[in-house]
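Chemist: I need the structure of the sequence given here:
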Amino acid sequence: MIHNHWKIGKLILMTTALAWVLGACSAKDSAASEEPENIAAAVQVEETERPEYLPKDFPLPDDAEITTSHSEQNDGKKSALLIFKSQEKLDKLAETYKQYFQDQGVTDTSETIDEKNLIIQGDTDAESWSLIGGPLSTQEDTVELTLTWSEL
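Modeler: Presented below is the predicted three-dimensional model:
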């Protein structure tokens with residue numbers, strides 16, 4: 001049941017991102033279109049590369065396979081989306097990211113960490129972090145994690 005919700009949430013996220021990208025592309029192709037003042041500036045990033053705006057010290061496992069990577073800037077605030085897979089054990093990943101967020105000064109942290117879920121969310125004075133994921137049922141010994149980061 002949780003896996004189906006995860007698939008639905010991922011599908012909604014990907015559909016929204018695709019609609020946004022296609023909308024941005026079609027607006028640029030139209031000679032008659034006018035750009036609104038507060039348009040989000042998207043940064044094109046190859047799907048297999050780390051998002052440009054993601055903090056450089058965010059640790060990725062050595063075997064990380066990036067499946068989705070996106071950065072954008074809206075009203076001067078940067079944000080990033082990163083989805084990646086790894087064959088590292090979930091408990092090791094949880095330990096790594098829990099320590100990373102602690103080192104960043106993330107407060108008001110919400111955590112769910114068990115054998116099927118890794119969810120860590122919280123904010124610093126200047127940033128918002130959310131890391132959600134777990135084992136893939138379709139790929140044995142593979143964990144998929146979705147990270148969203150933004151400036152506040």
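
Chemist: what comes up buried for the one helix or strand I83 maps to?
Modeler: Using DSSP states H and E, I83 maps to strand 77-86. Neighbour-count burial for strand 77-86, counted by 16 or more other C-beta atoms under 10 Å, picks out K78, S79, A80, L81, L82, I83, F84, K85, S86. The way it works is simple: take the backbone N, C-alpha and C, and place the C-beta from them, glycine included.

Chemist: same check, this time on stretch 139-152
Modeler: Buried residues in stretch 139-152, counted by 16+ other C-beta under 10 Å: V143, E144, L145, T146, L147, T148, W149, S150.

Chemist: who's in contact with that stretch?
Modeler: 10, 13, 53-55, 58, 67, 77-90, 93, 118, 123, 125-136 (C-beta atoms under 8 Å, 6 or more residues apart in numbering).

Chemist: With just CA atoms, put it into PDB.
Modeler: As requested, the backbone C-alpha atoms of stretch 139-152 are provided in PDB (Å, rounded to 0.1, in the frame of the first residue of the first chain):
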ATOM      1  CA  GLN A 139      14.900  -4.000  -7.800                       C
ATOM      2  CA  GLU A 140      16.300  -6.200  -5.100                       C
ATOM      3  CA  ASP A 141      18.900  -4.600  -2.800                       C
ATOM      4  CA  THR A 142      18.200  -1.200  -4.300                       C
ATOM      5  CA  VAL A 143      17.100   1.900  -2.400                       C
ATOM      6  CA  GLU A 144      15.600   5.000  -4.100                       C
ATOM      7  CA  LEU A 145      15.700   8.400  -2.400                       C
ATOM      8  CA  THR A 146      14.100  11.700  -3.300                       C
ATOM      9  CA  LEU A 147      15.700  14.800  -2.000                       C
ATOM     10  CA  THR A 148      14.100  18.300  -2.200                       C
ATOM     11  CA  TRP A 149      16.100  21.300  -1.000                       C
ATOM     12  CA  SER A 150      15.200  25.000  -1.200                       C
ATOM     13  CA  GLU A 151      16.300  28.300   0.200                       C
ATOM     14  CA  LEU A 152      13.900  29.900   2.600                       C
END
